[in-house]
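S.K.: no FASTA, just this:
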């Protein structure tokens, strides 16, 4: 979880709420794969009206340098973690 005290505009974060953790999928071969989904983003704003959420840009067509030009989502701090993940960082199974 990130907090307002240790995060700043432009920091990389990833979104992973509890309901994203441990989602099971069945492969074409009938095997179960456990995946933990996430979304990478960049902090666009630390809202003045709350200390429990940040405005984060998640979708900017891979134009991360221009993140300030994109719409941000108000996102609970409890669902945000510092840094970015790659697909293999949280996916496991065959």
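M.R.: Ah, there it is. Keep in mind that what you see is a predicted model, and the values were worked out from it rather than measured. Numbering: from 1, shown residues only.

S.K.: what strand or helix carries the residue of the chain most remote from its centre?
M.R.: What lies farthest from the middle of the chain is residue 29; by C-alpha atoms, centre = their mean that is 30.0 Å. Per DSSP states H and E, residue 29 falls between elements, in no helix or strand.

S.K.: ranges for the helices of this protein?
M.R.: In the chain, the helices defined using DSSP state H lie at 87-90.

S.K.: count of residues packed around the closest residue in space to residue 56 that isn't next to it in sequence?
M.R.: Sequence neighbours aside, residue 41 is the residue nearest to residue 56 in space, at 4.2 Å (criterion: C-beta to C-beta, 6 or more residues apart in numbering). Any C-beta I mention is one placed from the backbone N, CA and C, and that applies to glycine too. Burial measure for residue 41: 26 neighbouring residues, criterion other C-beta atoms under 10 Å.

S.K.: go ahead and confirm residue 8 touches residue 43.
M.R.: Yes - contact criterion C-beta atoms under 8 Å: residue 8 and residue 43 qualify, at 7.0 Å.

S.K.: more crowded one of those two?
M.R.: Of the pair residue 8 and residue 43, residue 43 is the one with more neighbours under other C-beta under 10 Å, namely 21 against 8.

S.K.: and the pLDDT at the more buried one?
M.R.: Residue 43 is assigned a predicted lDDT (pLDDT) of 97.

S.K.: if I look at the closest residue in space to it that isn't next to it in sequence, how far off is residue 19?
M.R.: Using C-beta to C-beta, 6+ apart and skipping the chain neighbours, the partner closest in space to residue 43 is residue 11 (4.8 Å). Counting by C-beta to C-beta, to the nearest Å, the gap from residue 11 to residue 19 is 24 Å.

S.K.: so these two - more neighbours on which side?
M.R.: Legend: neighbour count by other C-beta under 10 Å for residue 11 and residue 19, higher for residue 11 (17 against 9).

S.K.: ok, that one - contacts?
M.R.: Neighbour list for residue 11: 2, 42-43, 82 [criterion: C-beta atoms under 8 Å, 6 or more residues apart in numbering].

S.K.: brilliant, that's me finished.
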